[in-house]
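Trainee: predicted model, plus sequence, below.
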Amino acid sequence: MSGSVPAVVLVVDDELAMRRFLRASLGSHGFRVVEAATAAEAIAAATGHNPELILLDLGLPDGDGVALTRSLREWSRVPIIVVSARGDDADKVQALDAGADDYLTKPFSVQELLARMRVALRHAAAAGVTALEPVIQIGALTVDLGRRQVLSGGQEVHLTPIEFRLLAVLARNAGRMLTHRQILTEVWGAARGNETHTVRVHMANLRRKIERDPARPRLLLTEPGVGYRLREA
Amino acid sequence: MVRLGVLRYARTALYVALATAAAWSARSLLALEDLVAVYLLVIMIVAVRHGRGPAVAAAGLSVVAYDVFFIAPHYTFYVADQRHLLTFAIMFAVGLVISQLALLGKAAALRAETEEIRSSLLSAVSHDLRTPLAAITGAGTALRGDDAALAPAERAELIDTIVEEAERLERLVANLLDMTRVQSGTLVVKREWVPVDELVGSALARVEARLEGRVVTTDVPPLPLVAVDPTLFEHAFVNLLENALKHTPRGTPIDIAARRAGDTVEIEVADRGPGLPAGAPEALFEKFARGAPATTPGVGLGLPISRGIARAHGGDVVAQRRAGGGASFLVTLPVAAGAPEVAET
């Protein structure tokens, strides 16, 4: 960020201690932090400051963060990372399905936060560009979207069409959290219902093909009750 | 529960019948007022032992038995002397009051018991809360008061202390919440069909940072899908893994194996540590029990939570001595009927 115009991050959290910690740590990493303590302030700040990223705590005193995500998404594509307390899986999934880009569970480290922010900002920047890189490299895994080819440590991996589509969706969103529903819609089309086990079974098969130890995955990470994330390069 | 309820009423009827038989055989010795006292005694006993409903029933039955057997004309419901009707009313009313009192007494006893559990929990937990808090406060104030007096290595150590102790607090609070949910029966199990390797994998990922280079082997063949709440089950496994990390020396291996055994799927977390402590392995699953002498951090909630979660799924967790040394914790889960078929394409 040195020398460039600092990116504006809107921090929405009713806890002063959290805002203070975020202001200090994001400020020292070259971001300009705008704060909001309520949903109403958040809407005002989102329109007034035009932030590049929103960090949104789901537990707000004057309204729920899921509804706020939904109303922000009506007019803005700004990346939203939701922050929630442990155990609120339902809220997290709802917020992601409502259009949030990623989530963090409290407590989290600054390193985790910055990593998620980097991924969200990069995907937001790439969204305007038409053609994404056709070849995605993650560790020893190569996913060639154009040639529909997958290599693991240089060796070609034979995937079924479903497995390839699954891996392609995850690879295009590398580093990002995808909910079961998002994956179902992307891979099988919106007609499918709530069949999360379908995703799970194909994911297990895919892991057997590209992970060295499928019971200890290094690439295809599970967020139980929420979805999956392909590790970043 | 329904059968238990019927049983209570059957017992109530039996008590009233016994009292009637006893009173009948002693009727030449007793005045009518004494008989009323006998019935009141029965109502009181029923109220204390079986609660309100049976007590009300006992009051009603007593009035009927008293009328039929002891009030002229005998063996009929007819009452010649109208004054006895007042006795009946009073008997019944006293029965109701007694049953209400019994109910209040029971509730008070339950409250006292809950209070006792709560205070023992508080005393056990407050120590484990204060220790990390003291370390965090200490390290934080040392850093705040520091005027370049601390060497870089010392600063780094203080910062590590703050982060690690805060993480420890977080785990403790999470465990306490889980324990409360498991105990109060408010655990909501949202079952989904999940592959076993995914359950093992997500739990391993959660403890990855604390493995510190230990060798972890996994032996998870393709198994039937299990119907579990994936979030809860991750907690159950994480607790078993943390238990192994806590109670075995650094660098010793952890072996995870899953297999099918009849109508169950078994998942084993085994270590090569000092093994189970002397005594019954079941004692490990009691709240606030700790295997090793209490030098290891933790409050002893991990294993009971794991078991509580497994049992909420119709399964269990048991501890075993491992052949060749070490301990093994075995999670069993029933293979549920109706696992969905997933098309290949």
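Mentor: Yes, it's here. Numbering: from 1, shown residues only, chains lettered A, B, ... in the order given.
Trainee: quick one: name the residues of chain B near chain A.
Mentor: Residues of chain B found near chain A (CB under 8 Å from any CB of the partner chain) are B:163, B:166-167, B:170, B:174, B:177, B:190, B:192-195, B:197-202, B:204-205, B:216, B:218, B:220, B:225, B:229-231, B:233-234, B:256, B:340, B:342, B:344-345. Yep, even glycine has a C-beta here, placed from its N, CA and C like the rest.
Trainee: for the residue located most distally from the centre of chain A, grab phi and psi.
Mentor: For chain A, the residue at maximal distance from the C-alpha centroid (CA atoms, centre = their mean) is A:Gln155, at 29.3 Å. Here the main-chain torsion angles of A:Gln155 (degrees, to the nearest 10) amount to phi -90, psi 140.
Trainee: repeat for B:Glu198
Mentor: phi -70, psi -40.
Trainee: wait, doesn't it sit right on A:Val199?
Mentor: No. Between B:Glu198 and A:Val199 there is no contact under CB atoms under 8 Å: 10.4 Å.
Trainee: who has more neighbours, these two?
Mentor: Neighbour totals were compared for B:Glu198 and A:Val199, and B:Glu198 leads with 27 against 23 (other CB atoms under 10 Å in any protein chain shown).
Trainee: can you give me how far stretch B:60-69 is from the chain middle?
Mentor: 43 Å (CA atoms, centre = their mean, to the nearest Å).
Trainee: pLDDT score assigned to B:Val299?
Mentor: With respect to pLDDT, B:Val299 has a value of 64.
Trainee: just give the number of residues close to the closest residue to chain A within the stretch 1-150 of chain B.
Mentor: Going by CB to the nearest CB, chain A is nearest to B:Ile136 of the stretch 1-150 of chain B, at 12.6 Å. A count of neighbours around B:Ile136, defined by other CB under 10 Å, yields 19.
Trainee: mind giving me the packing neighbours of the strand or helix carrying it?
Mentor: Per DSSP states H and E, B:Ile136 falls inside helix B:83-144. If contacts are counted by 3 or more CB pairs under 8 Å, 6 or more residues apart in numbering or on different chains; DSSP states H and E, helix B:83-144 sits against helix B:32-50, helix B:52-70, helix B:152-184.
Trainee: which of those is buried the deepest?
Mentor: helix B:52-70 (a mean of 21; mean count of other CB atoms under 10 Å in any protein chain shown).
Trainee: so that helix versus helix B:83-144, what angle?
Mentor: For helix B:52-70 against helix B:83-144, the angle by axes from the mean of the first three to the mean of the last three CA atoms, to 10 degrees is 160 degrees.
Trainee: pull the contacting residues for B:Arg11.
Mentor: Residues in contact with B:Arg11, defined by CB atoms under 8 Å, 6 or more residues apart in numbering or on different chains, are B:Val46, B:Arg49, B:His50, B:Pro54.
Trainee: count the residues that sit near the closest residue to A:Glu156 other than its chain neighbours.
Mentor: Excluding its sequence neighbours, the residue lying closest to A:Glu156 (CB to CB, 6 or more residues apart in numbering or on different chains) is A:Gln149, at 6.7 Å. Summarising burial for A:Gln149: neighbours were counted as other CB under 10 Å, giving 14.
Trainee: I'd like to know how far A:Gln149 sits from chain B.
Mentor: Separation of A:Gln149 from chain B (CB to the nearest CB, to the nearest Å): 19 Å.
Trainee: for that residue, what are phi and psi?
Mentor: Backbone torsions of A:Gln149, given as degrees, to the nearest 10, read phi -130, psi 140.
Trainee: read off the pLDDT value for it.
Mentor: For A:Gln149, pLDDT reads 92.
Trainee: same check, this time on B:Trp193
Mentor: If you check B:Trp193, the pLDDT there is 92.
Trainee: same deal with A:Leu10?
Mentor: For A:Leu10, the model assigns a pLDDT of 96.
Trainee: one more: B:Val2?
Mentor: 47.
Trainee: this completes my enquiry, with thanks.
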